[in-house]
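Student: Turn this into a model:
(one chain, ligands or ions: 2)
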Amino acid sequence: MWRVAITIAGLDSGGGAGIHADIKTFAAMGVHGATALTCVTAQNTYEVREAQCLSPQLVRAQIMAVWDDMGIDAGKTGMLGTREIIEEVASVVGKLGFPLVVDPVMVAKSGAPLISEDAVDVLKRRLLPVAKVVTPNKPEAEKLTGMKIASVNDAEKAAEFIHKEYGTEIVVVKGGHLEGGEAIDVVYYRGSFHKFSTPRLESRATHGTGCAFSAAIAAGLAKGLDPLEAIKTAKQFIYTAIKYGVAKGKGHWPVNPTAWVEIPAERWRAYEELRAALEAIRKNAALFAKAIPEVQSNLGYVIDPRYAVDVNDVVAVPGRIVNYMGEARPSGPPAFGASSHTARKILALVGKDPNARSAMNIKYSPELVERARALGYKIAVVDRRKEPEEAKKIEGGSMKWVVGEALSQTGGTAPDIIVDLGDWGKEPQITVVGRTPTEVVEKVLRLLS
Ligand SMILES: Nc1ncnc2c1ncn2[C@@H]1O[C@H](COP(=O)(O)OP(=O)(O)OP(=O)(O)O)[C@@H](O)[C@H]1O
Ligand SMILES: Cc1ncc(CO)c(N)n1
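Tutor: Ligands and ions are numbered 1, 2, ... in the order given. Below is the predicted model:
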């Protein structure tokens with residue numbers, strides 16, 4: 001069943017915070033997102049240049065238009081801009097009664113005010129009493145309580161104070177601005193405290209964290225989750241969104257709410273692509289058997305490089321592709337993290353050329369190199385005997401060296417094949433490179449036919 005969540009918030013033209021972050025979050029969390037726009041900001045990752053708010057009547061009309069048509073299962077507020085808009089929103093929400101998460105946005109990450117000075121009092125006295133959840137960060141909680149917050153203990157005191165003073169049922173004091181190796185959020189709910197924590201990320205992508213976090217809680221409430229369950233999921237969600245942030249802009253980079261669904265989707269796509277390519281090898285098993293070297297073959301594929309971190313993001317064949325009685329055979333179904341050698345080679349490749357996401361090692365022979373030349377393949381030849389001792393010592397250093405050496409011969413983009421002439425105790429090999437495993441398999445097939 002579809003649920004509807006509404007964001008009552010401002011527009012950030014840079015797409016990092018505000019309604020963009022909220023709508024992406026709603027989509028990623030599987031609820032239908034509706035919007036009541038409050039203000040437009042001309043903003044990017046490092047500054048707010050201009051802002052203009054709509055009339056309170058128009059904000060109300062947007063909420064009512066959604067309500068009268070689809071109903072609203074939960075909502076959140078972000079930038080509200082003026083005291084008049086806050087009063088209007090408090091009045092509508094008080095009347096309609098859907099669960100509301102208030103992110104008491106006061107200043108942008110870049111430091112610009114997003115609410116007028118005289119509005120804070122209206123927010124406290126009018127909006128917080130009709131809200132189900134409020135999610136202040138440290139400076140906001142300080143402003144709402146007049147307390148100084150330097151520890152988890154202080155955060156607990158502030159959370160309880162906010163509940164008692166303004167009547168919001170659930171108070172989440174966020175730990176993004178506190179010190180320590182963990183980002184700890186403190187929740188006050190029905191007379192008890194709860195802590196939700198993740199490792200603190202050293203990340204530049206913190207623009208829109210509060211927006212996406214409160215939207216994720218609202219999405220959970222819209223789906224009918226228990227509030228603590230909604231907050232717990234939102235915490236995992238925001239961790240992923242910060243970790244895989246959008247590396248764009250000169251200031252605080254935008255968080256990436258879609259990482260939550262894009263990463264699992266990417267892994268599935270990569271797995272399926274590899275499976276299809278292995279099927280093609282099976283169909284030509286006798287031909288491929290001729291290309292299997294002593295160390296055996298592997299075929300790997302890395303997920304979208306925006307999300308690839310290590311060998312666990314490369315899908316390959318566990319136990320490699322072997323020559324069994326004259327037929328090439330994967331020794332098992334593909335798995336992530338199944339190869340070390342091939343995976344590190346692909347990670348080195350994709351680090352230099354984002355299109356070089358798949359590779360397969362096959363047997364070396366001068367005839368195959370000749371055939372590649374005849375087919376017009378782009379070829380790089382690497383002499384391992386020239387590899388500096390330092391490269392050999394670093395974990396994964398050899399692979400980086402081979403790939404660096406190869407791509408320096410082909411002007412920075414990956415060749416179709418890398419010929420590795422081998423060294424003492426190292427079998428010479430050919431690595432066939434492509435955008436997808438299917439492309440790699442086709443390239444190998446053409447070489448062998
Ligand atoms: N560096 C970090 N590593 C891990 N989690 C973080 C980090 N920074 C913030 N968080 C988490 O992200 C969520 C949002 O918190 P934060 O304090 O950043 O909100 P905010 O300051 O209101 O954000 P903004 O105003 O930029 O939208 C919280 O759950 C917080 O613990
Ligand atoms: C429009 C808007 N809403 C909220 C924030 C808080 O991050 C921002 N920077 N811009």
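
Student: Can you give me the pLDDT of S398?
Tutor: On pLDDT, S398 comes in at 86.

Student: Is it within a helix or a strand, and which one?
Tutor: Using DSSP states H and E, S398 sits within helix 397-409.

Student: Equivalent analysis for A5, please.
Tutor: Per DSSP H and E: A5 is located in strand 4-12.

Student: quick one on the thing from earlier: tell me the helices and strands packed up against the helix holding S398.
Tutor: If you count contacts as 3 or more Cβ pairs under 8 Å, 6 or more residues apart in numbering; DSSP states H and E, helix 397-409 packs onto helix 341-352, strand 379-382, helix 389-393, strand 417-420. In short, each C-beta sits where N, CA and C put it, glycine included.

Student: got the ones you listed as TSV, with mean neighbour count, distance to F288 and mean pLDDT columns?
Tutor: Compiled in TSV, these are given as follows (neighbours: other Cβ atoms under 10 Å; distance: least, Cβ to Cβ, whole Å; pLDDT from 0 to 100):
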stretch	mean neighbour count	distance to F288	mean pLDDT
helix 341-352	23	16	96
strand 379-382	19	21	97
helix 389-393	11	31	83
strand 417-420	24	16	97
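
Student: right, and these - which one's nearest Y364?
Tutor: Nearest of the helices and strands packed on helix 397-409 to Y364, taken as Cβ to Cβ: strand 417-420 at 6.8 Å.

Student: Now the helix holding S398: buried residues?
Tutor: Buried residues in helix 397-409, counting neighbours by 16 or more other Cβ atoms under 10 Å, are found at G397, S398, M399, K400, W401, V402, V403, E405, A406, L407.

Student: got the CA positions of the worst-scoring helix or strand of the chain on mean pLDDT in CSV?
Tutor: Least confident helix or strand, the chain: helix 389-393 with a mean of 83, by mean pLDDT, DSSP states H and E. C-alpha atoms of helix 389-393 as CSV (Å, rounded to 0.1, in the frame of the first residue of the first chain):
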residue,chain,number,x,y,z
GLU,A,389,60.9,-2.9,-5.3
GLU,A,390,58.7,-0.4,-3.4
ALA,A,391,55.6,-1.2,-5.5
LYS,A,392,56.1,-4.9,-4.6
LYS,A,393,56.2,-4.2,-0.9
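
Student: which residues sit against it?
Tutor: Helix 389-393 is contacted from outside by G397, S398, K400, W401, using Cβ atoms under 8 Å, 6 or more residues apart in numbering.

Student: Centre of the chain to stretch 116-130, how far?
Tutor: Mean C-alpha position of stretch 116-130 versus that of the full chain (Cα atoms, centre = their mean, to the nearest Å) differs by 34 Å.

Student: From start to finish, how long is it in a straight line?
Tutor: End-to-end distance for stretch 116-130: 21 Å, by Cα to Cα, to the nearest Å.

Student: what comes into contact with it?
Tutor: 77, 80-83, 86-87, 89-91, 93-94, 100, 102, 104, 106, 115, 134, 143-144, 162, 165-168.

Student: Keep only those of those that are in strands.
Tutor: Residues from the contacts of stretch 116-130 lying in strands, with DSSP state E as the criterion: T77, L100, V102, V134.

Student: Among these, which one sits closest to ligand 2?
Tutor: Of all the ones in strands among the contacts of stretch 116-130, ligand 2 sits closest to T77, with 10.1 Å by Cβ to the nearest ligand atom.

Student: does the closest one really touch G10, like I thought?
Tutor: No. Using Cβ atoms under 8 Å, T77 is not in contact with G10, being 9.9 Å away.

Student: Before I go, just wanted to say thanks for your time.
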